[in-house]
Every structure is written in structure tokens, then in C-alpha cells.
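Q: here are the coordinates; sequence isn't available:
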């Protein structure tokens, strides 16, 4: 086991009806908040009205800024900063999924900063404090509700950068699985692929003597596999959402990844897809992850055999670990296919045209400073290209 | 799944050599600390010297108070409060196990209080703040390094009371498994029984739709069962300690217990043993837990069959769940016996003399206000007595 630090101080309030308590929960944190959210869905679903009613009942003042879209934009963040300053808010309340939360984190930083907020994201400047960020989660999977990351897109510079800091880790996240009932089925499936990937990136490792996190990862993956597909059938299954909602949170608060070298190559090669084509992060991961596995498994057959047996339920035949490993990967592909997720690049409408460009982007080769990606197996741009080609 | 709150904000620094970083780690928290520890073992082992060297190298001033004993005493706490006030310390640094940490938490409260500290423990007064508590853990199992509990014994009143508050949850805990190498073998075995019990108390439940925490509990228990007995053989096995040390922390920070009705009857009937006889908490739990299981399993045979299969490795024969359940309990007894833990009250030198008194103490019957204990099965004093008698 490697040395590690673990710090996940977000207070989580979980369960039915909890979003209606937001006013009382905010009292020790703020007198006036910026209520920040996305499009019309929080209004259509009634969440917006319930939150506003709770804030008013508890005497929490608020100003609001909607309009957060996927890949949240710097321009809206700066609008939020100006509004928050003008109105003297003392916390940012995100109501939404990863995009609304990441945008709220950026606003919380910007309000406390004299200089240019984008300099922070480009590591050209630092910041000492941020407003508290509070979350009402309406879309699980991204894990931003308990993470210290904010990914923002600078439209003018055509850059998408993630900033990490304990300052922006949400103080409080309210997670009511009932709010997930109205998610579209393809978004549910994408989310399940995404949260599974957050665990895979931590699970697949060459680090030895990590029994505890091995088995915690396997436990969480089995829970997702048991309950996720049920939700694609029936998005109003509270019990299944209750399992999935907390699985998504611990999949990304790093309790499952402590003491292990992590991988993250699949995320890196996926980000290139999302940057070039308008496809959902989870859909890209569903396509690429099994091919990444097929490309790298020979470097650690036993790890993939363990995955096959302990996560995918393949018979534990030690006579031929490689066959066991491959059977596990096949079952994962079948699982994704069963949730109507795409399984090839062509399913996503992607052909051969940009594969080399994406491969070189994934490893930094395109900027002339290639750094191999991945922990279990180091991948150079030629490796990334081979994986894209397998996935065609 | 039940609604829940989860909040475990202790920053954990984990691994080889980490206690030598304490000075730098303390810099953002305190300029001057009370260094609080137990007997001579931290001096003999060299931990004391390493900590002092690190504090001095980082310019952290300190005053010190040793002498914490098991079942930490109010008198020493009050001495620590007076010393801390006189010396204007701004944090308490516990170096030790549960006793040193619980005593440090009490001091941290007392320093910020005008009135009588014991009133806080007796719920007769409240307190608004406490000094930060920082921990260097030298004995795992109690879980106090990330819990919000402090159990203190008032010698004059002959009372032992636990106080719960987020104010006293350690801000920072440094856990170096190398520091556990010098623990005596019986203390290691007791600790393993204790940390397993912290999970059992959360695991055994009638709450349904808790797949995630079921499987996280099972994962952690399997890790302890795989690595614990190895340590009783060889207490210098770093890899095994690394697994056990973090298992002990998550066993008691409540991540494994969220959304479930918890039990805690075994702890309640054990506390009576420790109060009347001078026996270690873990040893008492090793004796009583399997008998508690045998007494209650019929109320939820399937839960105990699942435990037998998923934790104790019993063959999953659904033809006779009761036989599976009983086989699991037998394997647990055998596991404890294999670590040279006591398995009957007579092994602890306890006869029939006080069983009724203890049973009535466990449920509150002796004070005329009986409240049944336990979540999976409600136990009255007659039930507690029956369990003690089975354990003779």
C-alpha cells in the first residue's frame, strides 16, 4: 500500500424529501445565497419551487442565476461573480448536476479574488479563500458534490481546464434520490458508465497489498451492476436510486482509491472524444473502457481475472486466468449493451478521420510535450491510437 | 434504505514515516500544543522523541502531559485543562490510542468552557467550541481518531460517560502502521475483535435495500479476517497493518453504517463486563458476540446466512439457510479462538455471581427505567441474562 492522504469533509444529507430542508441547513452557513442552476428541468420538476419555499421559510435571502449548460462556460461564471458581489451573497447554492456544481465552485472562487479568475485555472495565480459551496444534487454520477474539482470551459480560448482545491469542496451536499426519477434513460445509462469508470480508474492498478480498497471497489461496482440496469428499465425505483446515488458519491470522493496508484487513461482518451464531438462523457467511456481493458490486460492478467470473478461474476477458474480476464471484459461490454449504451465509435457517429489527432492530444504529443498516460500500463500516442482503432 | 447524514471531516495522513511530519502538518492549525500521551510506551518506542524533534524543527511550541491510562480519568483531564489554559495552547495533540485521544478531546472541550466540564458529559450543560484535536495514532481499533465521541470516567462519581459532538472530531489524524509493530499480541487480538464488532453493530440489521453498505461491511470484514490473524503471528508485518489500520478507521467513521438501523446490543452487554471486571473491551466482545449471534439469529436467518457466506466463506447452500447461518457463527468463534482470544466468560475469570446485576444494568432495568437494547432484535434484561448464561 502506498502512503496517502484522505480528506472528504463534505457533510452529506441523504434521502427522501431532504431538499426541502435546505433553508434550515443553510442557516449556520449563510444569510444570503446565489441560487445557481441549469435549464428548465429544475423548474419543471418542482425542485426549484420547493427550494425557494424552503429558503423563504427559513429567512435565507437569495438572488438567482440560471442557464448553466453542459461544459459550463467562463462567461456565465463571470456573470455569477459580478452578481454575487453586487448582491453581497455569502454562499453559492448549486441546484443541479456536475455542470451547475462546477460553475458554482468557480463563482465561489471568483468572488474572493481580485485578479483574473481564468489565471487560477491556468495555474498562473493562486487564491486563498472561496465562498462556501452548497449543493442540491439533481443528477448523480459526476461526483462533483463531494469533490474538490471544478472543470470550466473558456469559450474564447477554446480551453477546458479542471482546477483542484480543497477551498471549493462543497461544505454541504443534499442528495435526495427522488430527484433523479425524471432523468432520461440515456442519461441514466451514461451516468452509470461514468460512475463505474470513476471506480475502474482507481481499481485497476499494479499496487500490491491493497486488499481493503480492492474489495471496497468490488463491493461498490457490484452494487452499481445490480441496481443500475434496473433504473434504465424503471427510473422511478427509489430503492435502486438510493443505492446508486451514494455509490456515485463514494466512487469519486477517493475513499476507494487511497493507497493505490491510479490509472485515468480511459478518462484521458475519452476527453478527446468529448472535446471534438458533441457526445456525453459517459457514452464515450462506455465505448472506450472495454477496449482499453482489452489493450492493457496482458500487463496484469491477474488483476483483470480478479475483476472478472469478483465484479462480473465469472467462474473462478485458476487453470486459465487469461480466459477468465477476457470473459470479464466481455461481460462488461454486454452489460453496457444491455443498457442501450454505445459500444463502438461508429455507434457514436465517429469514424477514422480524427483518430491520430485525438491520440496525440490525449498524451500531449500534439503540443510537443508527450507524457505517457495511465498507471497500470503507460500509454503513448501510438497506444491511444491503437485503442481508438480497436473501438471503431 | 433509511435517510441519513454522513459527515467525516477528519483529514487523514496515512503511511510509513508520517508521524515525523507532524510539525509541518500542525503549522496551519496551531503555534503551541498540549502534547498528551499515556505511559512509557511512546517513549520506549521512540515515537515521543520523533514527535518532539518534528515539533521543534517546525517551531511548534509545546507543553506536555503524560499518564493517560485505559478508561481515561476526569482528574487528569482537569489537570490538562488547567495546564492548557496556563500555557495558552491552541490545540491538543494526542499521541496514543483511544484513551489518549478521548482524554485529549475532553481537555479540548474543557479549555473553552467556563463551567463544570462534567456537566457536559452528563448533558446538564452545553459548549459552543473546543480547541482543535490532532492525533498521532499508536494503537488502532477504538476508532476515536475520526469519531466525535469522548468517553471519560469520573472516578469520584464512579461513572463512565460518552459525550458526542462534532466539535471534538479530530481535525487531523496521522496514522503510521509502523507504530503498531510493538503492540503486545493479546492487545492486537483484542483490537481486531473490537474493530470487527464496530462493523457487526452496523451490519446486522433488518433494514432492507442496503446493498451498498451490506457489501462495504462484508468487504471490510473480509479484509480484517484475512490480515488480522497474520498480525497475531507476526506483529511486524507492515502490509497487514496497513490493511488493518485503515479498516479500523472506516469501521467506526460510520461510512459502513449509513442508511441502516444499527444494533449495538453486544457493546451494551459488554460494557457491563468491563465496568465490573478489569477486562479489555475487545476480549469481552470476542466472548459475547458469537453468543449474541446465536441468541438473535432466528429473528433474521437470511441476514446471518448472508454473513456466513459473504464474510465467513461458508458454502452458499440455500437449501438450509439456518444451517448456513450457524456454520458462520461457528467459524467466527473458531477465528477468535485461533487468535487466542477468550471464548467464554470463564476464560475471562467470570462466573455466575453478577450476571443478573449486569443484565439489569445493560438495559437500564437496575435504574428502574428499562429501555430494550439492540436493533435487529430488541433485548430486555432477561434476554441479556440469557446471553450471559450461554457465554458461561
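A: That came through fine. Only a predicted model underlies this, so the values are computations on that prediction, with no experimental measurement involved. Numbers count the residues shown, from 1 in each chain, chains lettered A, B, ... in the order given.
Q: How about stretch A:45-61, which residues are buried there?
A: Within stretch A:45-61, the residues scored as buried using 16 or more other CB atoms under 10 Å in any protein chain shown are A:45, A:47-48, A:50-52, A:54-55, A:60. In short, each C-beta sits where N, CA and C put it, glycine included.
Q: and it, average pLDDT?
A: Here stretch A:45-61 scores 97 as its mean pLDDT.
Q: same question, stretch A:167-180
A: Averaging pLDDT along stretch A:167-180 gives 97.
Q: That one close to chain B?
A: No. Stretch A:167-180 lies apart from chain B when judged by CB under 8 Å from any CB of the partner chain; the minimum separation is 8.6 Å.
Q: How far does that stretch sit from its chain's centre?
A: Centroid separation for stretch A:167-180 versus its chain: 13 Å, with CA atoms, centre = their mean, to the nearest Å.
Q: now the strands: where do they sit in the stretch 1-150 of chain A?
A: For the stretch 1-150 of chain A, the strands defined by DSSP state E, counting those that start in this stretch cover A:4-14, A:32-37, A:61-65, A:91-96, A:133-137, A:149-154.
Q: which bits of the stretch 151-300 of chain A sit near chain B?
A: Counting by CB under 8 Å from any CB, the stretch 151-300 of chain A sits next to chain B at A:208-212, A:215-216, A:218-220, A:222-223, A:226-227, A:239, A:242-243, A:246-247, A:250, A:255, A:258-259.
Q: Touching, residue A:381 and residue A:370? I think so.
A: Yes. The criterion here is CB atoms under 8 Å, and residue A:381 meets it with residue A:370 at 6.5 Å.
Q: Tell me the buried residues in the helix or strand bottoming out on mean pLDDT in chain A?
A: Least confident helix or strand, chain A: strand A:159-164 with a mean of 88, by mean pLDDT, DSSP states H and E. Buried residues in strand A:159-164, counted by 16+ other CB under 10 Å: A:160-161, A:163.
Q: The helix or strand just after it - contacts with which helices or strands?
A: Downstream of strand A:159-164, the first helix or strand assigned by DSSP states H and E is strand A:172-175. If you count contacts as 3 or more CB pairs under 8 Å, 6 or more residues apart in numbering or on different chains; DSSP states H and E, strand A:172-175 packs onto strand A:4-14, helix A:22-26, strand A:133-137, helix A:238-252.
Q: Can you tell me the strand partners of strand A:172-175 and which way each runs?
A: In the sheet, strand A:172-175 lines up against strand A:4-14 (parallel), strand A:133-137 (parallel) (DSSP bridges).
Q: Go through these and pick out the most buried.
A: strand A:133-137 (a mean of 29; mean count of other CB atoms under 10 Å in any protein chain shown).
Q: Can you give the distance of that strand from its chain's centre?
A: Remark: strand A:133-137 is offset 15 Å from the chain centroid, using CA atoms, centre = their mean.
Q: Need the contact partners of it.
A: A:19, A:22, A:25-26, A:29-30, A:33, A:47, A:51, A:91-97, A:101, A:104-105, A:108, A:144-145, A:168-176, A:179, A:245 (CB atoms under 8 Å, 6 or more residues apart in numbering or on different chains).
Q: any idea of the mean pLDDT in it?
A: Here strand A:133-137 scores 98 as its mean pLDDT.
Q: what's the burial count for the residue nearest to residue A:15 when sequence neighbours are not counted?
A: Once flanking residues are discounted, residue A:15 sits nearest to residue B:3: 2.7 Å by CB to CB, 6 or more residues apart in numbering or on different chains. Number of residues near residue B:3 (other CB atoms under 10 Å in any protein chain shown) recorded here: 14.
Q: Residue B:3 and residue A:370: what is the separation?
A: From residue B:3 across to residue A:370, the span is 49 Å (CB to CB, to the nearest Å).
Q: Show me what the least confident helix or strand of chain A is packed against.
A: helix A:117-121, strand A:149-154.
Q: re earlier: and which of the buried residues of stretch A:45-61 is nearest residue B:77?
A: For those, the minimum distance to residue B:77 (CB to CB) is 39.3 Å, reached by residue A:60.
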